[in-house]
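**Student:** Quick check, what structure comes out for this input:
(one chain, ligands or ions: 1)
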Amino acid sequence: MPRFLPCLFLAMLPAAAAAQASTPPTAMPHEQASLHALASAPSEAELRATITRLVGFGTRHTLSDTRSDTRGIGAARRWVKARFEAISRDCGGCLEVVTPSQVFSGKRIPVPTEVMDVIAIKRGKGDPQRVIVMSGHLDSRVSDVMNASSDAPGANDDASGVAAVIEAARQLSKQNNDATLVFAALSGEEQGLYGGKVLADYAVAHGWQVEAQLNNDIVGNSQGQNGATDNTTVRVFSEGTRSNETPAQANYRRYHGGEVDSPSRNLARYLDRLAGNYLPDFRVAMVYRTDRYGRGGDQVPLLEAGYPAVRVTEAHENYTRQHQDLRTEGGVRYGDTIDGIDFRYLARVTALNTIAMAALSRAPAPPTDIDIAGAVATDTTLKWRKVPGAAGYRVHWRDTTAAQWQHARAVGDVDHTVLKDVVIDDWFFGVSSVSADGYESPVVFPGDAGSFERSPAPAGQP
Ligand SMILES: [Zn+2]
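**Tutor:** Numbers count the residues shown, from 1 in each chain. The predicted model follows:
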């Protein structure tokens with residue numbers, strides 16, 4: 001995967017542009033020692049200890065017992081809360097732990113049931129309303145989604161995600177973050193993505209500007225049911241167009257482009273690039289879909305609330321281990337047990353998350369109000385609104401059929417630039433912001449199609 005090669009980029013630029021790009025010595029993205037340190041930091045022992053504890057609650061079904069201290073979803077969420085509080089004690093009370101909940105009933109919740117999330121918040125020092133979320137889901141299930149009593153270990157689905165969230169909280173609790181970091185163990189996923197809804201409502205109610213949700217669901221297995229073993233790839237699913245596009249925005253986008261440049265998609269590209277820079281022998285496989293075919297996850301309620309979000313999930317799933325009664329049938333062992341977890345793999349996925357959260361929270365906010373012009377001209381003009389904390393900006397462009405940004409130019413601390421002899425018709429463009437110490441935001445595609453600002457659902461839409 002592509003690596004930052006700022007010097008090479010400069011070397012490849014035409015003379016005039018190189019002069020322009022060399023003026024601002026600051027605000028160039030560069031590799032960060034602290035992100036390299038995070039790459040190998042996640043502890044396999046911690047991840048194993050968390051999953052062992054979660055599996056030990058027998059079932060974590062959303063409709064299971066909430067009073068027992070040893071079995072069921074209530075015991076599991078109290079344990080997660082205590083774990084976050086212990087991590088907070090170790091960092092001088094740096095985490096605020098909250099448990100937002102709502103009562104739901106529905107097709108898979110026959111009697112009104114409280115769905116409670118357990119969330120640790122590490123407030124940003126610079127811009128606390130900017131929020132980076134990492135999530136996994138605590139609840140589990142067996143073959144019958146309504147069975148709340150049988151053992152449902154859910155080691156991979158999704159104790160792996162919750163273990164990654166807790167380990168990320170532990171790793172990042174003692175590090176700097178300019179934007180707020182949120183570590184979320186959600187419930188009610190298997191019954192209908194209810195915990196994601198609770199999180200989305202909480203974010204909206206608190207005026208959070210969620211810049212990214214990294215939803216980790218099924219992230220610990222490296223052996224597919226088809227026999228494929230892949231412990232070096234993780235899939236990142238992202239929607240192509242924003243969930244809350246209005247008909248007018250969709251019309252504009254259909255004609256001018258942007259169908260593969262939602263903020264979620266450019267968040268996926270950001271993860272892809274970070275993996276290329278900081279995780280040797282590990283790569284992101286971007287999938288141009290909101291989720292796996294016909295399936296969903298807790299990123300969906302945040303997308304519907306108008307926030308950028310992606311699903312992180314293993315490369316090859318093993319369906320004999322998902323949503324299964326524990327049993328042996330025809331010589332095949334079924335069930336989501338801890339022996340199916342590859343802890344080294346899970347540690348790499350955790351590292352990708354921690355690196356992304358650190359990088360996003362230290363970079364400036366992504367630029368807003370990006371406008372592009374250049375019809376019937378040989379040059380392309382980009383304008384944007386400056387964001388707090390940015391020491392400079394970079395303009396990016398790529399072939400319209402390319403998956404990843406291919407060209408970049410640092411343009412200094414300005415709010416517009418002209419790309420000489422780059423014809424608007426032939427490329428897709430974007431702009432990123434860069435901090436004085438070299439942390440870069442995701443690239444933002446121009447207009448409504450690419451904006452990282454929240455897009456509430458149009459009136460009349462649920
Ligand atoms: Zn799941």
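**Student:** Where do the helices of this protein begin and end?
**Tutor:** Assigned by DSSP state H, the chain shows helices spanning 6-12, 15-22, 33-39, 44-55, 73-90, 160-172, 189-192, 194-205, 247-256, 263-278, 299-304, 343-362, 447-450.
**Student:** List the buried residues for the fourth one?
**Tutor:** Of the residues in helix 44-55, those buried by neighbour count under the rule 16 or more other C-beta atoms under 10 Å are 44, 46-48, 50-51, 53-55. Where C-beta positions appear, they are placed from N, C-alpha and C, glycine not excepted.
**Student:** Which residues does it contact?
**Tutor:** Around helix 44-55, the neighbours that count as contacts under C-beta atoms under 8 Å, 6 or more residues apart in numbering are 60, 76, 79, 83, 138, 153-155, 159-160, 162-164, 166-167, 170, 220, 337-338, 341, 343-344, 346-347, 350.
**Student:** who in this protein is up against the ion?
**Tutor:** 157-158, 217 (C-beta under 5 Å from the ion).
**Student:** List the residues that contact S361.
**Tutor:** S361 sits in contact with 124, 130, 132, 177-181, where contact means C-beta under 8 Å, 6+ apart.
**Student:** Provide a list of residues in contact with the closest residue to the ion within the stretch 1-150 of the chain.
**Tutor:** Residue of the stretch 1-150 of the chain nearest the ion, by C-beta to the ion: H137 (5.5 Å). H137 makes contact with 158, 161-162, 185-190, 195, 217, 298 under the criterion C-beta under 8 Å, 6+ apart.
**Student:** Most neighbours among these, which one is it?
**Tutor:** G161 (35 neighbours; other C-beta atoms under 10 Å).
**Student:** can you pull the contacts of whichever residue of the stretch 351-462 of the chain sits closest to the ion?
**Tutor:** Among the residues of the stretch 351-462 of the chain, N353 lies closest to the ion, at 16.1 Å counting by C-beta to the ion. Contacts for N353 (C-beta under 8 Å, 6+ apart) come out as 134, 164, 168, 214, 216, 312.
**Student:** change it to 10 Å
**Tutor:** Residues in contact with N353 (C-beta atoms under 10 Å, 6 or more residues apart in numbering) are 38, 42, 132, 134, 136, 161, 164-165, 167-168, 171-172, 183, 214, 216, 219, 234, 271, 312.
**Student:** Could I get the average pLDDT for stretch 182-197?
**Tutor:** Averaging pLDDT along stretch 182-197 gives 97.
**Student:** Excluding sequence neighbours, find me the nearest residue to the closest residue to the ion within the stretch 301-450 of the chain.
**Tutor:** The ion sits closest to Q322 of the stretch 301-450 of the chain, with a gap of 7.9 Å, by C-beta to the ion. Counting by C-beta to C-beta, 6 or more residues apart in numbering, the nearest residue to Q322 once its immediate chain neighbours are dropped is D157, at 5.4 Å.
**Student:** T337 is in contact with the one you found, correct?
**Tutor:** No: between D157 and T337 there is no contact under C-beta atoms under 10 Å: 11.3 Å.
**Student:** any common contacting residues for the two?
**Tutor:** 321, 324.
**Student:** Who has more neighbours out of those two?
**Tutor:** Remark: of D157 and T337, D157 carries more neighbours, 28 against 17, as counted by other C-beta under 10 Å.
**Student:** Contacts only, for that one.
**Tutor:** 136-137, 139-141, 189-190, 217-221, 313, 317, 321-324, 336.
**Student:** could you redo the last one with a cut-off of 6 Å?
**Tutor:** 218, 322, 336 (C-beta atoms under 6 Å, 6 or more residues apart in numbering).
**Student:** what's the pLDDT at the last one?
**Tutor:** Note for D336: predicted pLDDT of 97.
**Student:** Near it, how many other residues are there?
**Tutor:** D336, neighbours per other C-beta under 10 Å, totals 29.
**Student:** which ones are touching it?
**Tutor:** Neighbours of D336 in contact, by C-beta under 6 Å, 6+ apart: 153-157, 321.
**Student:** quick one: which of these has the most company?
**Tutor:** G154 leads these on contacts (other C-beta under 10 Å) with 33 neighbours.
**Student:** Might you report the residue contacts of the nearest residue to it once chain neighbours are set aside?
**Tutor:** Distances taken as C-beta to C-beta, 6+ apart put S140 closest to G154, at 2.7 Å, once the chain neighbours are dropped. S140 is in contact with 60, 152, 154, counting by C-beta under 6 Å, 6+ apart.
**Student:** rerun at 8 Å
**Tutor:** If you count contacts by C-beta under 8 Å, 6+ apart, then S140 has 59-61, 152-154, 157-159, 190, 336 around it.
**Student:** Reformat the residues you listed into CSV and put distance to W384 next to each item.
**Tutor:** Below are the contacts of S140 laid out as CSV (distance: C-beta to C-beta, whole Å):
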residue, distance to W384
T59, 50
R60, 45
H61, 48
A152, 49
P153, 49
G154, 44
D157, 41
D158, 38
A159, 42
E190, 42
D336, 46
